[in-house]
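> Give the three-dimensional model of this entry:
(2 chains)
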Amino acid sequence: MKTHDEDSMKKLLRQALPPVNSDAGPGRDLWPNVLRRLDAGVAAPASPGWAWFDAALLAGLVGLVAIFPVSIPVLLYYL
Amino acid sequence: MRNEVSDVLNQFRQGDADAFEALFRQHQRAVYGWILRIVRNPSTAEELTVETFWRIYQARVRFDPAQGFEGWARRIATRVALDWLRMRRTESEVSFEVCAEAAAPAAADPAVTAEIRRKTALAFGRLPPKLRIAATLAVIEEQPQKDVAAALGISVAAVKVRVFRALRLLRKDLEQQGIKP
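Sure thing, here's the model as predicted:
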């Protein structure tokens, strides 16, 4: 990509997505939320994007164990 | 004054809640603003600001007061925002589309239609998050490349490479849709 092309892409991008006004600050005091987050402890909020993947992985493992019980020692070895 | 700042940073490192609150009050606006530039959605930026300060508190023992708080907080904020872009890909694409729709037509080139702007924003939302974040900060938000590099924990040369790759992929995506930028 030539410099001219790069400049035109930058210009187009700035028109499509103008800079946000980041001077305003948050709309509310976030300190109570930080305290609540600290009280909630170590666990980060669960990611809904991974929930299905976890369930599918678990289902696959259960299926594997059900069909090939001899795989149990192998799985235990790798856990 | 300098000693007071140093005391607060040291107290924070030792887990003092008052020192942490003082740092939060001092830096929350800057952290929120930085995250907002990346995610472009105020309520998400608030949520991620909270998450950032939680991670900051968890990582306090690794904090080096000699390096300063602002840059360290910005690096953590960038990582939190990047994690969010990776995990909530569809949601972040929508927020880019909303931003494109909200773009002020007065500032736009009349030759570039609203449809082209919308498609550009959507294509930008489809870029890999680590390229998108570099291009967002360096091109859209026009932040100094040195600051972007420090926030991403990479060199200035690597920022330039990521921006270049982002623009090249964006151009390719638009050309596949029949748009000649």
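
> which parts of stretch B:65-84 are buried?
B:69, B:72-74, B:76-78, B:80-84 (16 or more other C-beta atoms under 10 Å in any protein chain shown). Any C-beta I mention is one placed from the backbone N, CA and C, and that applies to glycine too.

> List the contacts of it.
B:6, B:9-10, B:13, B:23, B:27, B:30-31, B:34-35, B:38-39, B:44, B:48-49, B:51-52, B:55-56, B:59, B:63-64, B:92, B:129-130, B:133, B:147, B:150-153 (C-beta atoms under 8 Å, 6 or more residues apart in numbering or on different chains).

> just the strands in chain A please.
Counting by DSSP state E, chain A has no strands to list.

> Give me the pLDDT for the residue nearest the centre of chain B.
Centroid-nearest residue in chain B, with C-alpha atoms, centre = their mean: residue B:38, separated by 3.2 Å. For residue B:38, the model assigns a pLDDT of 94.

> can you tell me which residues contact it?
Residue B:38 makes contact with B:78, B:81-82, B:85, B:133, B:136-137 under the criterion C-beta under 8 Å, 6+ apart.

> which stretches of chain B form helices?
Using DSSP state H, the helices of chain B run over residues B:2-13, B:17-39, B:42-58, B:69-87, B:89-102, B:114-125, B:129-135, B:145-152, B:156-176.

> Export the contacts of residue B:38 as TSV, with columns for distance to residue A:31 and pLDDT.
Output for the contacts of residue B:38, formatted as TSV (distance: C-beta to C-beta, whole Å; pLDDT from 0 to 100):
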residue	distance to residue A:31	pLDDT
B:78	22	97
B:81	20	96
B:82	24	95
B:85	26	92
B:133	27	96
B:136	28	96
B:137	27	96
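
> Pick out the most distant pair among the residues you listed.
Between any two of the contacts of residue B:38, the greatest separation by C-beta to C-beta is 12.2 Å, found for B:85 and B:137.

> one step back: lowest-confidence stretch among the helices of chain B?
Among the helices of chain B, helix B:89-102 carries the lowest mean pLDDT, at a mean of 58.

> quick check, nearest of the contacts of residue B:38 to chain A?
residue B:136 (7.8 Å; C-beta to the nearest C-beta).

> Show me what the longest helix seen in chain A is in contact with.
Looking across chain A with DSSP H, the single longest helix is helix A:48-67. Here helix A:48-67 makes contact (C-beta under 8 Å, 6+ apart) with A:71-72, A:75, B:87-89.

> From the residues you listed, keep the buried residues only.
Among the contacts of helix A:48-67, those buried by neighbour count (16+ other C-beta under 10 Å) are residue B:88.

> As a markdown table, the contacts of helix A:48-67 with distance to residue B:170 would be great.
Converted to a markdown table, the contacts of helix A:48-67 look like this (distance: C-beta to C-beta, whole Å):
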| residue | distance to residue B:170 |
| --- | --- |
| A:71 | 46 |
| A:72 | 49 |
| A:75 | 44 |
| B:87 | 22 |
| B:88 | 20 |
| B:89 | 16 |
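
> Closest to residue A:32 out of the contacts of helix A:48-67?
Once C-beta to C-beta is applied, the member of the contacts of helix A:48-67 that ends up nearest residue A:32 is residue B:88, at 23.9 Å.

> Against which helices or strands is the helix or strand of chain A with the lowest mean pLDDT packed?
The helix or strand of chain A with the lowest confidence, counting by mean pLDDT, DSSP states H and E, is helix A:71-78 at a mean of 75. Helix A:71-78 sits against helix A:48-67, with contacts defined as 3 or more C-beta pairs under 8 Å, 6 or more residues apart in numbering or on different chains; DSSP states H and E.

> how many degrees apart are the helix it packs on and helix B:69-87 in direction?
Compare the direction of helix A:48-67 with that of helix B:69-87 by axes from the mean of the first three to the mean of the last three C-alpha atoms, to 10 degrees and you get 50 degrees.

> mean confidence for helix A:48-67?
On average, helix A:48-67 scores 78.

> Please save the CA atoms from that helix in PDB.
Written as PDB, here are the backbone C-alpha positions of helix A:48-67 (Å, rounded to 0.1, in the frame of the first residue of the first chain):
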ATOM      1  CA  PRO A  48     -20.700 -15.200  28.000                       C
ATOM      2  CA  GLY A  49     -18.700 -15.800  24.800                       C
ATOM      3  CA  TRP A  50     -16.900 -18.800  26.400                       C
ATOM      4  CA  ALA A  51     -19.800 -20.400  28.200                       C
ATOM      5  CA  TRP A  52     -20.900 -22.400  25.200                       C
ATOM      6  CA  PHE A  53     -17.300 -23.500  24.500                       C
ATOM      7  CA  ASP A  54     -16.900 -24.700  28.100                       C
ATOM      8  CA  ALA A  55     -20.100 -26.600  27.900                       C
ATOM      9  CA  ALA A  56     -19.200 -28.200  24.500                       C
ATOM     10  CA  LEU A  57     -15.800 -29.200  25.800                       C
ATOM     11  CA  LEU A  58     -17.300 -30.800  28.900                       C
ATOM     12  CA  ALA A  59     -19.900 -32.600  26.800                       C
ATOM     13  CA  GLY A  60     -17.200 -33.900  24.500                       C
ATOM     14  CA  LEU A  61     -15.100 -35.200  27.400                       C
ATOM     15  CA  VAL A  62     -18.100 -36.900  29.000                       C
ATOM     16  CA  GLY A  63     -19.000 -38.500  25.600                       C
ATOM     17  CA  LEU A  64     -15.400 -39.700  25.100                       C
ATOM     18  CA  VAL A  65     -15.300 -41.200  28.600                       C
ATOM     19  CA  ALA A  66     -18.700 -42.900  28.000                       C
ATOM     20  CA  ILE A  67     -17.600 -44.400  24.600                       C
END
